[in-house]
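1. requesting a structural model of the entry that follows:
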Amino acid sequence: MRLGALVWLLLLAAGARADQNDPRLGPLFERLKGAPGPIEAELVEGRIWRIWAEIPDPASRALYESGVAAMERKDLRAAREALDRLVAQAPGFAEAWNKRATLSYLTGDDAASIADIQRTLALEPRHFGALSGLGLVCLRLVRPECALAGFEAALAIHPFLPGARAHVLMLREQLKGDPT
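-> Reported below is the predicted structural model:
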């Protein structure tokens, strides 16, 4: 499947349903979308990220924390081991897939990153981080239409997402001059 078609399928599926139904998230996403400015949006964003990172199972939580800590210290091999085990152990935990997508992006494995972004969005269609990550992967693959779609979808959920607006403006300008 072409990457551009994949993006549109992801975006259509993202609106279909949410498997991550923490009752605190709906009101937070409403507040995020209606935030009057970036400071307010950042506060709400932080609460969303904290909820996304919650995992009640102690063994899964330990793997998540281990994977994140390994990524922070740039021990990508240890991060991969922890996150691979985590997605196998807790396949319904959207943030596990998102963290592994980020790790794959950092290691240059764009196909794996896109696959894990798909899984993230299937579980949490409002995952503005995954959508922005898709934009970054598409930028690296020199797929400006795909990148623009990812960043615009992220901004539709989080209007003050750092960096996304600048990417959208740059990509729109770039595509305006593209004869294809």
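2. which stretches of this protein aren't confidently modelled?
-> Segments of the chain classed as low confidence (criterion: pLDDT under 70) are 1-21, 178-180.
3. just give me the residue right at the centre of it.
-> Using CA atoms, centre = their mean, the residue of the chain that lies closest to the mean C-alpha position is residue 130, 1.1 Å off.
4. which residues touch it?
-> Neighbouring residues of residue 130 by CB atoms under 8 Å, 6 or more residues apart in numbering: 98, 101, 117, 120, 121, 124. Backbone N, C-alpha and C define where each C-beta goes, glycine included.
5. tell me the two of those residues that are most distant?
-> The widest separation within those, taken as CB to CB, falls between 101 and 124 and amounts to 12.1 Å.
6. and the contacts of residue 130 as CSV, adding neighbour count and secondary structure?
-> Below are those laid out as CSV (neighbours: other CB atoms under 10 Å; DSSP: H, G, I helix; E, B strand; the rest coil):
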residue, neighbour count, secondary structure
98, 24, helix
101, 28, helix
117, 29, helix
120, 30, helix
121, 24, helix
124, 25, coil
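7. which of the residues you listed sits closest to residue 29?
-> Closest to residue 29 out of the contacts of residue 130 is residue 124 (10.5 Å), distances taken as CB to CB.
8. run the chain-centre distance for stretch 70-85.
-> From the chain centre to the centre of stretch 70-85 is a distance of 18 Å (CA atoms, centre = their mean, to the nearest Å).
9. hmm, who's touching it?
-> Taking CB under 8 Å, 6+ apart as the rule, stretch 70-85 contacts 63, 64, 66, 67, 68, 96, 99, 100, 102, 103, 106, 107.
10. let's see it at 6 Å
-> 63, 66, 67, 99, 100, 103, 107 (CB atoms under 6 Å, 6 or more residues apart in numbering).
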